[in-house]
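**Student:** Next one to model:
(chains A and B)
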Amino acid sequence: MNPPLLKIENLKKHFVIKNGNSFVANNKKAVKAIDDVSLEIFQGETLGLVGESGCGKSTLGKNILRLQEPTEGQVFFKDKDILKYNNRELRRLRKEMQIIYQDPFGSLNPRFTIGEIIGEMYEIHKTDREIDKLSEIKKMLELVGLDSERYNSYPHELSGGQRQRVGIARALALNPDFVVADEPVSALDVSVQSQIINLLMDLKKDLGLTMLFIAHGLNVVRHISDRVGVMYLGRIVEISETDKIFDTPAHPYTAALLSTVPDVNASLRKERIVLKGEVPSPANPPSGCHFRTRCPLATEKCQLEVPKMQEIRKGHYVSCHFPLKANQSLKDVVSNL
Amino acid sequence: MDKILQVKNLVTGYQGKNTFMKAVDGVSFDIDRGETVCIVGESGSGKSVTSMSIMRLIEYENGKIIEGDIIFNGENIVEKNNYEMRKIRGSKISMIFQEPLTALNPVFTIGRQIVEAIRFHQSVKKKEAYKQAEELIQLVGISDPRTRLKQYPYELSGGMRQRVMIAIALASNPQLLIADEPTTALDVTIEAQILDLLRKLKKEKKMSIMLITHDIGVAAEMADKVIIMYAGKIMEISSAEDFFENPIHPYSRGLLESVPKMTGERGVKLNSISGSIPSLSNVPSGCRFSPRCPFATEQCINQEPVLEKFKDRQVACWNIDNVLRDHLKNQTDSEVFQ
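**Tutor:** Predicted coordinates for the structure are as follows:
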């Protein structure tokens, strides 16, 4: 396998919230949006990150890029700790790390033409050599499958899918090594969604990109990712190669999550396990394993001890006291209890 | 079978400056008693406008029904006046919406809102209504009903709010429940809970459900019958079984093929539909799907196909034969390949 391009160690992001009653001293509580996450992203791979809303997957993406300042931990990009970078160094780094946002309507300035939106990248990051900006812009537009003569149109003249293409062109304009794609297709209609997925896969192959692909649509993540990480309440509960995650999930949460996705091949589906209850508030997470309140296999141990990340099969990491074996399905384990 | 709802040649739209924009253009279908019908379409396909027309709520959104009949239980809804409509709406036909937070009133407790719905349609005392509300809220799977009834919408999570919406919709034992993207704003694990609940209620209450969704996976889970809409027209009506085994209309196929699957090969190029959805003000001539259709011929561009019976289904396409031949060829190809 390729060496890691990005390495995150014990990353934490806590948001301080006030408790309402300002007369009580020490009324501060913290929402642990990211609670001790460590992972590696290897050169040239697409790491998919899935989880329900509020699990911290978008926060993780932003913290890796230092669009938010992590509370604790280290982020190594090309073996350098980027959390120690000052503003000037950070600006240089931005050329190499970019982000594609979810909302193609909110993420483009409505008063800029798309040529200006993409061209701004070249102005901010003054590249060493003089470049012909217009021809670069046209090249980028062509790369993402837009008519290169449309650089003078405004975002409102474009459809959602076309706008998302502009967002991708902007992210790739400076030829970055690493891209965070934060729910890039969630806001799009199905027929357009597949176009953008195809485009992202082509670009990744052609440009040798490394990508962190954040999404809640499991089928999309399965399609595009080389490895998949599953998050729950600020922690990564399972991470492995895509096929292993989808064929032999070891964490009960992953297994349950996979079984509930509405799929077109309804006849092929495994028995569904509908989880009870909802995701607890991250301001007040359960002790021990965060998932224990909804887990059908939870015991006292889960309440007392935070499970450690362990390698149960080669390259397959899971943080659970009672991981499922490769030949077990959650349904069987539950019914044998 | 006994039909509870028949929509006949419905045309609904919005008055523009100079032109009338038809959001729904000549739509006909029916729903049997106890049946779940899924209307699937992308944004702008007219699926929500269809449901708002059936509820006659479209007038409150500056829309207008200009043609067609909506026959519910033998009565034509289109001819009803406001007063008569209020007796049907929320009592015989109920609706749940996509975003439960905006559909619930933020300044009233859950209990008050459910009780309001109950007392609007039945003349019962407040106490009795509260008792009914407690039962309803248990029926939709919310524990500790006493406390919940005293809470405000903001105190509940998205899934809970949607359950409350369903409780309100069920307050008067409706015969038809219209669910407009009921799970789109929810996470998958919660979505599964709500879909399970709808299935359970349908069985217990023997009501019909008209489920509007853009997620063809949801349709596969829920539907007895699938209706595919595109740009204000119905492209295909088929039983769910037939549809997911072999969709006929090129748009239906494109839609199914462009969704990444949970099983099978991954990382391959998805079969996507080129281009994008036309806007209402600029509907293509002939078949609306023709500019994006791989099978389009001269006839498709000049002449609009009508929804016609084809075996057990209805399809609006000029080239069914070609499409089927192509499908057969692909099938044998993949068999040879295997």
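**Student:** Quick check: the closest residue in space to A:Glu72 that isn't next to it in sequence vs A:Thr71, distance?
**Tutor:** Among residues not flanking A:Glu72 along the chain, A:Lys12 sits closest, at 4.2 Å (Cβ to Cβ, 6 or more residues apart in numbering or on different chains). Any C-beta I mention is one placed from the backbone N, CA and C, and that applies to glycine too. Relative to A:Thr71, A:Lys12 is positioned 5 Å away (Cβ to Cβ, to the nearest Å).
**Student:** So A:Gln195 is in contact with A:Gln162, correct?
**Tutor:** No. With contact defined as Cβ atoms under 8 Å, A:Gln195 does not count as touching A:Gln162 (9.9 Å).
**Student:** list the helices and strands the helix or strand harbouring B:Ala192 packs on?
**Tutor:** Applying DSSP states H and E as the criterion places B:Ala192 in helix B:188-205. Helices and strands touching helix B:188-205, by 3 or more Cβ pairs under 8 Å, 6 or more residues apart in numbering or on different chains; DSSP states H and E, are helix A:252-260, helix B:158-170, strand B:176-180, strand B:208-213, helix B:216-222.
**Student:** if you set the cut-off to 6 Å instead, what comes out?
**Tutor:** Counting contacts by 3 or more Cβ pairs under 6 Å, 6 or more residues apart in numbering or on different chains; DSSP states H and E, helix B:188-205 packs against helix A:252-260.
**Student:** And the helix it packs on, what does it pack against?
**Tutor:** Packing partners of helix A:252-260 (3+ Cβ pairs under 6 Å, 6+ apart): helix B:188-205.
**Student:** which residues are contacting the helix it packs on?
**Tutor:** Contact partners of helix B:188-205, identified using Cβ atoms under 6 Å, 6 or more residues apart in numbering or on different chains, comprise A:Thr260, A:Val261, A:Val274, A:Leu275, B:Gly141, B:Gly159, B:Gln162, B:Thr183, B:Ile209.
**Student:** Would you double-check that A:Val179 falls in a strand?
**Tutor:** Yes. A:Val179 sits within a strand when classified using DSSP: H, G, I helix; E, B strand; the rest coil.
**Student:** so it touches A:Met97, yeah?
**Tutor:** No. Applying Cβ atoms under 6 Å as the test, A:Val179 and A:Met97 come out as separate, 7.5 Å apart.
**Student:** what pairs with the residue nearest to the spatial centre of chain A across the strands?
**Tutor:** By Cα atoms, centre = their mean, the mean C-alpha position of chain A lies nearest to A:Ile214, the distance being 2.7 Å. With DSSP bridges as the criterion, A:Ile214 is bridged to A:Leu49, A:Asp182.
**Student:** For it, list the residues it contacts.
**Tutor:** Applying Cβ under 6 Å, 6+ apart to A:Ile214 gives the contacts A:Leu49, A:Lys57, A:Gly61, A:Asp182, A:Glu183.
**Student:** any idea how far A:Leu233 is from it?
**Tutor:** Counting by Cβ to Cβ, the separation of A:Ile214 from A:Leu233 is 16 Å.
**Student:** so A:Ala255 touches A:Asp247, yeah?
**Tutor:** No. Using Cβ under 6 Å, A:Ala255 is not in contact with A:Asp247, being 11.1 Å away.
**Student:** the more surrounded of these two?
**Tutor:** Taking other Cβ atoms under 10 Å in any protein chain shown, A:Ala255 and A:Asp247 do not tie; A:Ala255 has more neighbours (22 against 11).
**Student:** Please report how far that one lies from B:Pro145.
**Tutor:** Using Cβ to Cβ, A:Ala255 is found at 32 Å from B:Pro145.
**Student:** Helix, strand, or coil at A:Arg292?
**Tutor:** Relying on three-state DSSP, one would call A:Arg292 coil.
**Student:** tally of neighbours for it?
**Tutor:** By the criterion of other Cβ under 10 Å, A:Arg292 has 22 neighbours.
**Student:** circling back: pick out the most distant pair among the contacts of helix B:188-205.
**Tutor:** Farthest-apart pair in the contacts of helix B:188-205 is A:Leu275 and B:Ile209; separation 23.4 Å (Cβ to Cβ).
**Student:** For these two, indicate the residue with more neighbours.
**Tutor:** Comparing A:Leu275 with B:Ile209 by other Cβ under 10 Å, the one with more neighbours is B:Ile209, at 24 against 21.
**Student:** Quick check: the more buried one touching B:Glu35?
**Tutor:** No. B:Ile209 is not in contact with B:Glu35 according to Cβ under 6 Å; the separation is 7.8 Å.
**Student:** okay, how far is it across stretch B:104-112, tip to tip?
**Tutor:** Stretch B:104-112 has an end-to-end distance of 11 Å (Cα to Cα, to the nearest Å).
**Student:** How about stretch A:76-84?
**Tutor:** 10 Å.
**Student:** do the same with stretch B:32-49
**Tutor:** Using Cα to Cα, one end of stretch B:32-49 lies 21 Å from the other.
**Student:** And for stretch B:298-308?
**Tutor:** Stretch B:298-308: ends 20 Å apart by Cα to Cα.
**Student:** Now do the buried residues in it.
**Tutor:** Under the neighbour-count criterion of 16 or more other Cβ atoms under 10 Å in any protein chain shown, stretch B:298-308 has B:Cys300, B:Glu304, B:Pro305, B:Leu307 buried.
**Student:** again, but for stretch A:235-251
**Tutor:** A:235-242, A:244-246, A:248-251.
**Student:** Up against chain A, what does the stretch 151-300 of chain B have?
**Tutor:** Within the stretch 151-300 of chain B, the residues that sit near chain A (Cβ under 6 Å from any Cβ of the partner chain) are B:157, B:159, B:187-189, B:192-193, B:196, B:216-218, B:220-221, B:258, B:260, B:262-263, B:266, B:269-270, B:272-273, B:276.
**Student:** try 8 Å this time
**Tutor:** B:157, B:159-160, B:187-193, B:195-196, B:214-218, B:220-221, B:244, B:254-256, B:258-263, B:266-267, B:269-274, B:276-277, B:292 (Cβ under 8 Å from any Cβ of the partner chain).
**Student:** Just the buried residues of the helix holding B:Ala192, please?
**Tutor:** In helix B:188-205, counting by 16+ other Cβ under 10 Å, buried: B:188-195, B:197-198, B:201-202, B:205.
**Student:** So A:Pro176 belongs to a helix, correct?
**Tutor:** No. A:Pro176 is assigned coil when assessed by three-state DSSP, not a helix.
**Student:** What values do phi and psi take at the residue nearest to it when sequence neighbours are not counted?
**Tutor:** Leaving aside its chain neighbours, A:Pro176 sits nearest to A:Gln98 (4.4 Å; criterion: Cβ to Cβ, 6+ apart). For A:Gln98, the backbone dihedrals (degrees, to the nearest 10) come out as phi -130, psi 170.
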